[in-house]
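J.: Just need the structure, nothing else, for what follows:
(chains A and B)
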Protein chains: 2
Amino acid sequence: MKNFKLVLCYEGTRYKGWQRQGNTAGTLQEKLETLLSRMLDQPIELAASGRTDAGVHARRQVCSFRAETEKSCEELLKEIRRHLPEDIGAISVEIVPPRFHARLSCTGKTYVYRIWNSDAPNVFQRRTMLQIAEPLDLNAMEQAAALLCGRHDYLAFSSLKNSKKSTVREIRSIEISKDGDLLSLSFTGDGFLYNMVRILAGTLLEVGKGNLSPEEMPVILSSRNRKNAGPTAPAHGLMLWDVSYDA
Amino acid sequence: MKNFKLVLCYEGTRYKGWQRQGNTAGTLQEKLETLLSRMLDQPIELAASGRTDAGVHARRQVCSFRAETEKSCEELLKEIRRHLPEDIGAISVEIVPPRFHARLSCTGKTYVYRIWNSDAPNVFQRRTMLQIAEPLDLNAMEQAAALLCGRHDYLAFSSLKNSKKSTVREIRSIEISKDGDLLSLSFTGDGFLYNMVRILAGTLLEVGKGNLSPEEMPVILSSRNRKNAGPTAPAHGLMLWDVSYDA
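T.: Now for the predicted structure:
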């Protein structure tokens, strides 16, 4: 039995998110597992670094699976590419030590939320950026971002109902950068709760619009109440940017 | 009667090119003229700097039209944006002197042909870049590009049957630039013949692959025979990048 690491990218527009949902068609996991199982003529279970919601994209999603096969990584990569639809790309396939697991071994993730901040539409990136016409106060957003970093209970920034598991996470950095009309909010942390990045982005955008002030961030955090945070930003602006593992 | 300049961008994927074709639906000109005629309650004829082929995109296409209206440019822009589909964007509307005509006044155009030069697909830009997995000899391409610039009869690089009009054009520059896996071929000239940029791109790619040598460029030009040039590169890699007018 070999253990494989498969790196993918995908435009999430057409999909019902990463995670298989019973027999429902249209999730990325189901699509990929069906493909790999057929290709390798054995049932394949595919682990990913994390789920992405319906409509969320991945620039680099890391997956792993075990299989009994004589095929080389190069052959596998070619065959996977030949069968994938054009909105899913296979970046690499390699053999990894038996203990490697895409989700359990993952030590950090970066998500980027991208905003096209102009009243003129960007037709070429409309599926992967949220357009906001009104000007945003980037200074205020940066102040708020700094207050949201660190090790906190992020329950207020998640769509979880009372979770029994810990809702404490560490956000290592939130970087806000502007390149022309493109505004990128880059979140790096050890892991994120359900909808957490989209709610963080939605909250920072409320700060940018002047509807919330940076000083309210610690108050929202300690309230542990979803109602106090901003709205969940639309899925299509979000991209799983990169995933890290200890060397 | 006022004369308006309208700047557009569009993803050409769904359209049968710019130019209206009788009563056939699906061209950009037909779409825009129908919209403007309804909005302004009078028949509107829309001139563009040049036609783009079916499937070709525009980052900045300049158009002009005459209309009798009391609406301000700002109102017009808002209304146009409200009615355009999401793959066409209106960048600006302004009033210009009566003599301005988007096609006749145009003094130069830049087209960019974009290649994703990697065996790993780019799912996010797949509609606007041509993927080529094999490595390309950029030095040879640059040499060939230099030999294709200048004032020449470009009949060999067009899909025109024996044209009665002049097929002499001036290409001011062909710039080849690489940014990671993205290879851009940027063509600037006073005007281009039918399919000319796509045939130039297809020919330069043959040079990059080693199937043609730079020295053959002058021979192809002087042959005035389409069969000697390379293939017409696919439409989806081409974008009308910018259009210039004398101040």
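J.: What residue spans form the domains of chain A?
T.: A:2-95, A:108-245 (automatic domain parsing).
J.: would you list the ones you listed in TSV and tack on mean pLDDT, mean neighbour count and distance to B:S37?
T.: All C-beta atoms are positioned from the backbone trio N, CA, C, and that covers glycine. What follows is those, written out as TSV (pLDDT from 0 to 100; neighbours: other CB atoms under 10 Å in any protein chain shown; distance: least, CB to CB, whole Å):
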stretch	mean pLDDT	mean neighbour count	distance to B:S37
domain A:2-95	95	18	33
domain A:108-245	96	18	22
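J.: among the ones you listed, which is nearest B:K227?
T.: Nearest of the domains of chain A to B:K227, taken as CB to CB: domain A:2-95 at 32.1 Å.
J.: Spell out whether the closest one and chain B are in contact.
T.: Yes - part of domain A:2-95 sits near chain B under the criterion CB under 8 Å from any CB of the partner chain, namely A:9-11, A:57, A:59, A:81, A:86-92.
J.: Including distance to B:T34, could the domains of chain A go into TSV?
T.: Shown next, in TSV, are the domains of chain A (distance: least, CB to CB, whole Å):
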stretch	distance to B:T34
domain A:2-95	28
domain A:108-245	19
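J.: Out of the residues of domain A:2-95 next to chain B, which comes closest to A:A229?
T.: Nearest member of those to A:A229, counting by CB to CB, is A:H57, at 22.9 Å.
J.: quick one, what contacts A:G12?
T.: Each residue near A:G12 by CB atoms under 8 Å, 6 or more residues apart in numbering or on different chains is listed here: A:28, A:52-58, A:235-236.
J.: how about the helices in chain A?
T.: A:28-40, A:73-83, A:138-148, A:196-208, A:216-223 (DSSP state H).
J.: Tabulate those helices (TSV), appending distance to B:I174.
T.: Below are those laid out as TSV (distance: least, CB to CB, whole Å):
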stretch	distance to B:I174
helix A:28-40	41
helix A:73-83	32
helix A:138-148	39
helix A:196-208	41
helix A:216-223	52
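J.: I'd like to know which of these is closest to B:E215.
T.: Of the helices of chain A, nearest to B:E215 by CB to CB is helix A:73-83, at 35.7 Å.
J.: ok and that closest one relative to helix A:28-40, angle-wise?
T.: Per axes from the mean of the first three to the mean of the last three CA atoms, to 10 degrees, the angle that helix A:73-83 makes with helix A:28-40 is 120 degrees.
J.: Please tell me I have it right and A:M1 contacts A:T69.
T.: No - with contact defined as CB atoms under 8 Å, A:M1 does not reach A:T69; the gap is 9.3 Å.
J.: Can you report phi and psi for the closest residue to A:P135 other than its chain neighbours?
T.: Leaving out its chain neighbours, the residue that sits closest to A:P135 by CB to CB, 6 or more residues apart in numbering or on different chains is A:N117, at 7.5 Å. Main-chain torsions, A:N117, degrees, to the nearest 10: phi -100, psi 80.
J.: Wait, A:N117 touches A:M129, no?
T.: No - with contact defined as CB under 8 Å, A:N117 does not count as touching A:M129 (9.3 Å).
J.: Can you work out which residues contact both of these two?
T.: With CB under 8 Å, 6+ apart as the test, A:N117 and A:M129 both reach A:L182.
J.: Run through the residues that contact A:H236.
T.: A:12-13, A:55-57, A:127-130.
J.: repeat for A:E142
T.: Applying CB under 8 Å, 6+ apart, the residues near A:E142 are A:I176.
J.: at 10 Å instead, please
T.: A:174-176, A:204, A:207-208, A:214 (CB atoms under 10 Å, 6 or more residues apart in numbering or on different chains).
J.: Who are the contact partners of A:I174?
T.: Contacts of A:I174 (CB under 10 Å, 6+ apart): A:113, A:141-142, A:144-149, A:185-189, A:197, A:200-201, A:204.
J.: distance of it from chain B?
T.: 23 Å (CB to the nearest CB, to the nearest Å).
J.: how near is that residue to B:R66?
T.: A:I174 sits at a distance of 51 Å from B:R66 (criterion: CB to CB, to the nearest Å).
J.: repeat for A:E142
T.: With CB to CB as the criterion, A:E142 and B:R66 are 48 Å apart.
J.: Also A:S92?
T.: The value you get for A:S92 to B:R66, if CB to CB is used, is 56 Å.
J.: Give me the outermost residue of chain A relative to its centroid.
T.: A:E70 (32.8 Å; CA atoms, centre = their mean).
J.: Please tell me how far that residue sits from B:R82.
T.: 59 Å.
J.: Could you do A:L182 as well?
T.: Counting by CB to CB, the gap from A:L182 to B:R82 is 24 Å.
J.: Next, count neighbours for A:T107.
T.: 12 (other CB atoms under 10 Å in any protein chain shown).
J.: wait, isn't it in contact with A:E170?
T.: No - proximity of A:T107 to A:E170 does not meet the contact threshold set by CB atoms under 10 Å, at 11.1 Å.
J.: Now do the shared contacts for these two.
T.: A:190-191.
J.: ok so, going back, out of the contacts of A:G12, who's nearest chain B?
T.: A:H57 (7.3 Å; CB to the nearest CB).
J.: for that closest one, what are its contacts?
T.: A:H57 neighbours (CB under 10 Å, 6+ apart): A:9-13, A:15, A:87, A:112, A:114, A:127-128, A:235-241, B:123-124.
J.: thought the residue nearest to A:P135 was touching A:G208?
T.: Yes - counting by CB under 10 Å, A:N117 touches A:G208, with 8.9 Å between them.
J.: Common neighbours of these two, please.
T.: A:132, A:134-136, A:138, A:183.
J.: ok, back up a step: in JSON lines: the contacts of A:G12, plus distance to A:K227.
T.: Converted to JSON lines, those look like this (distance: CB to CB, whole Å):
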{"residue": "A:L28", "distance to A:K227": "31"}
{"residue": "A:T52", "distance to A:K227": "25"}
{"residue": "A:D53", "distance to A:K227": "20"}
{"residue": "A:A54", "distance to A:K227": "23"}
{"residue": "A:G55", "distance to A:K227": "24"}
{"residue": "A:V56", "distance to A:K227": "23"}
{"residue": "A:H57", "distance to A:K227": "28"}
{"residue": "A:A58", "distance to A:K227": "30"}
{"residue": "A:A235", "distance to A:K227": "21"}
{"residue": "A:H236", "distance to A:K227": "24"}
